[in-house]
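Undergrad: Fold the following for me, if possible:
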Amino acid sequence: MDVQTSMRLRWHRVWVALGGAIMLSVLWMALTPDPGITLEIPYGDKLLHAATFTCLMGWWGNVYRARRPRGWAALGCLAYGVSIELAQWLDPPRDADVLDVLADGAGIAVALLLLRTPLASVLASVEAWSVRRRGG
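TA: Now for the predicted structure:
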């Protein structure tokens, strides 16, 4: 596989813009009174938090592949989760829950472990595939 070896991706700005759009959609779902997304199992809400933040951190961990920037991305994801809970605390139909932040943190930790696997190169692989497909 011809994956780019430099730390900065060719389409860095595109990936950052898409990540921002993903985060805006997560924010919308978090602040909508009933986004219609539930898991009808015990602790389903916490599992959704963990899965969401696993995906968010997985995305940003693919964008920021060096150790220090990835660490900042992890802290940023956690701060984002805390900010969402604070916003929910201020929004009467929703309520804040410290366990949601713990679930967010667990998701971030899972992503950091997964980023030690080939999953850390998904976006770089997409770029490499595109370059091969275009023949250049």
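Undergrad: So what touches stretch 60-76?
TA: 7, 9, 12, 15-16, 19, 57, 77, 108, 111-112, 115, 119-124 (CB atoms under 8 Å, 6 or more residues apart in numbering). Every C-beta, even on glycine, is put in place using the N, C-alpha and C of the backbone.
Undergrad: same question for it, mean pLDDT?
TA: For stretch 60-76, mean pLDDT rounds to 97.
Undergrad: Check which residues of it are buried.
TA: 60-65, 69-70, 73-74, 76 (16 or more other CB atoms under 10 Å).
Undergrad: Below-threshold pLDDT in the chain: ranges please.
TA: Across the chain, the ranges flagged by pLDDT under 70 are 1-6, 35, 136.
Undergrad: quick one: the most centrally placed residue in it and residue 10, what's the gap?
TA: Central residue of the chain (CA atoms, centre = their mean): residue 56, 0.4 Å from the mean position. Distance, residue 56 to residue 10, by CB to CB, to the nearest Å: 22 Å.
Undergrad: picking up where we left off before, so the residue nearest to the centre of the chain, which state does it fall into?
TA: helix (DSSP: H, G, I helix; E, B strand; the rest coil).
Undergrad: just checking, it touches residue 23?
TA: Yes. At 6.9 Å, residue 56 and residue 23 qualify as touching, with contact defined as CB atoms under 8 Å.
Undergrad: joint contacts of these two?
TA: Each of residue 80 lies in contact with both residue 56 and residue 23 under the rule CB under 8 Å, 6+ apart.
Undergrad: any idea which element residue 38 lies in?
TA: Using DSSP states H and E, residue 38 sits in no helix or strand.
Undergrad: What is the burial count for the closest residue in space to it that isn't next to it in sequence?
TA: Excluding the flanking residues, the one nearest residue 38 by CB to CB, 6 or more residues apart in numbering is residue 44, at 6.2 Å. Using other CB atoms under 10 Å, residue 44 has 12 other residues around it.
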